[in-house]
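*Asks:* coordinates only, sequence not included:
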């Protein structure tokens, strides 16, 4: 049986070190919201015509998904990250839980950072390396989360799979566009 204490901010009993439902939702909203703002700022959509033109001119491999696929995939991936983060933040504090939350934060932050490297700064080589690093950190997140909350880990698996694919895509774009990627 876990120790419970009254959380005055939420007015409910919660496991020691766990965030209340409202606090966890707020933390998820702030972290993923900030990442989304950075990602949106760099999106190759009609609101960013220079980025869009540059992206469309790149030589991309035949396995590049159509643009609408990216818009369909990312909300699902973000939902998985939100569910996993929420579940972890609701768990009692422990070294494993805190490590999983730290890796969750790293991954949430790197999503926006990757778009900055690839789309805004056009650093194709650096973005390919960052994507590979994200595969490692996201796999570490899933493995660490699995020791604390298996559903949180399962919710992160699509993120790892997508990042593996995105790394292959980013590396190929870098290789096929030597004049465009520093």
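*Replies:* Sure, I can see it. Model, not experiment: these values are computed from the prediction.
*Asks:* Sticking with residue 56, tell me its helix or strand.
*Replies:* In this structure, residue 56 sits in helix 49-57 according to DSSP states H and E.
*Asks:* can you tell me the average pLDDT over that helix?
*Replies:* Averaged over helix 49-57, pLDDT sits at 94.
*Asks:* List the residues that contact residue 64.
*Replies:* The contact partners of residue 64, taken as CB atoms under 8 Å, 6 or more residues apart in numbering, are residue 169. All C-beta atoms are positioned from the backbone trio N, CA, C, and that covers glycine.
*Asks:* actually residue 116, sorry about that
*Replies:* 38, 42.
*Asks:* how about it, secondary structure?
*Replies:* With DSSP: H, G, I helix; E, B strand; the rest coil as the basis, residue 116 sits in helix.
*Asks:* Let the chain start at 605 from now.
*Replies:* Understood, numbering begins at 605; the last thing we discussed is residue 720.
*Asks:* how close does it sit to residue 743?
*Replies:* 23 Å (CB to CB, to the nearest Å).
*Asks:* One more: residue 647?
*Replies:* 26 Å.
*Asks:* Kindly report the same for residue 687.
*Replies:* From residue 687 to residue 743 the distance is 18 Å (CB to CB).
*Asks:* With residue 718 instead?
*Replies:* Taking CB to CB, one finds residue 718 at 16 Å from residue 743.
*Asks:* Point out where this structure drops to low pLDDT.
*Replies:* Along the chain, the parts satisfying pLDDT under 70 run over 605-619, 784-786.
*Asks:* can you give me the helices for it?
*Replies:* When secondary structure is read from DSSP state H, the chain shows helices at 625-645, 653-661, 671-693, 699-719, 728-750, 754-780.
*Asks:* helices or strands next to the third one in the packing?
*Replies:* Applying 3 or more CB pairs under 8 Å, 6 or more residues apart in numbering; DSSP states H and E, one finds that helix 671-693 makes contact with helix 625-645, helix 699-719, helix 728-750, helix 754-780.
*Asks:* who wins for proximity to residue 659 among the ones you listed?
*Replies:* Of all these, helix 754-780 sits nearest to residue 659, with 9.5 Å by CB to CB.
*Asks:* Check which helices and strands that closest one sits against.
*Replies:* Helix 754-780 makes packing contacts with helix 671-693, helix 728-750 when contacts are defined by 3+ CB pairs under 8 Å, 6+ apart.
*Asks:* Quick check: which of the ones you listed is buried the most?
*Replies:* The highest mean neighbour count among the helices and strands packed on helix 754-780, using mean count of other CB atoms under 10 Å, belongs to helix 728-750: a mean of 20.
*Asks:* Specify the angle between it and helix 699-719 in degrees.
*Replies:* Following axes from the mean of the first three to the mean of the last three CA atoms, to 10 degrees, one obtains 160 degrees for the angle between helix 728-750 and helix 699-719.
*Asks:* how far is helix 728-750 from where the chain is centred?
*Replies:* Remark: helix 728-750 is offset 9 Å from the chain centroid, using CA atoms, centre = their mean, to the nearest Å.
*Asks:* No further queries at this time; thank you.
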